[in-house]
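K.L.:
Build me a model:
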Amino acid sequence: MLNQQPSTTPGTLPTEKEKEMDNRDRLRIFEVIEKIKKNCVEIQHALEELIQGTSNQHYRESSERDKVSIGNLISIANCVKEDLEKEKIGKCMELFLRVTVKDFEKKLSAIPVKKHLRMKIIKHLNEIHEKVLMTV
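P.N.:
Numbers count the residues shown, from 1 in each chain. Okay, here's the model as predicted:
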């Protein structure tokens, strides 16, 4: 999963070389971000179909909130990509990703459609977080 595994022993800090994110890692993150965005759009379409197909107001409102959450995740993915392009990788990004993963794991589990895509998104978010964590 990770291209660079630290060679340090447990309990020691990684070296500067081990902290650097290489181009393969960066390209992999960009690919994963695109997959997240694609999966999010597919979930949004499925939610829209649910909204159009129901007359239950509570269900419609819940699905609308889910669509907003998915839209927020797309925005977060775009921001992370921009920061990586500008090489703004640091502890703030790592913390942001950690919170995002936990928050969206809860939010995505409540969405009633496309469970396999929701699970892929969480897996991809975790992968990005791990790669960023290796560099800070």
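K.L.:
now the helices: where do they sit in the chain?
P.N.:
Ranges of helices in the chain, per DSSP state H, are 16-19, 23-52, 57-85, 91-109, 115-133.
K.L.:
As CSV, the ones you listed with mean neighbour count and mean pLDDT would be great.
P.N.:
Backbone N, C-alpha and C define where each C-beta goes, glycine included. Below are the helices of the chain laid out as CSV (neighbours: other C-beta atoms under 10 Å; pLDDT from 0 to 100):
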stretch, mean neighbour count, mean pLDDT
helix 16-19, 11, 55
helix 23-52, 17, 93
helix 57-85, 16, 92
helix 91-109, 15, 87
helix 115-133, 18, 90
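K.L.:
mind checking how far the residue lying farthest from the centre of the chain is from residue 92?
P.N.:
Going by C-alpha atoms, centre = their mean, the residue of the chain most distant from its centre is residue 55, 32.1 Å out. Between residue 55 and residue 92 the distance is 45 Å, computed by C-beta to C-beta, to the nearest Å.
K.L.:
Tell me if I'm right that residue 28 and residue 130 touch.
P.N.:
No. With contact taken as C-beta atoms under 8 Å, residue 28 and residue 130 are classed as non-touching, separated by 10.9 Å.
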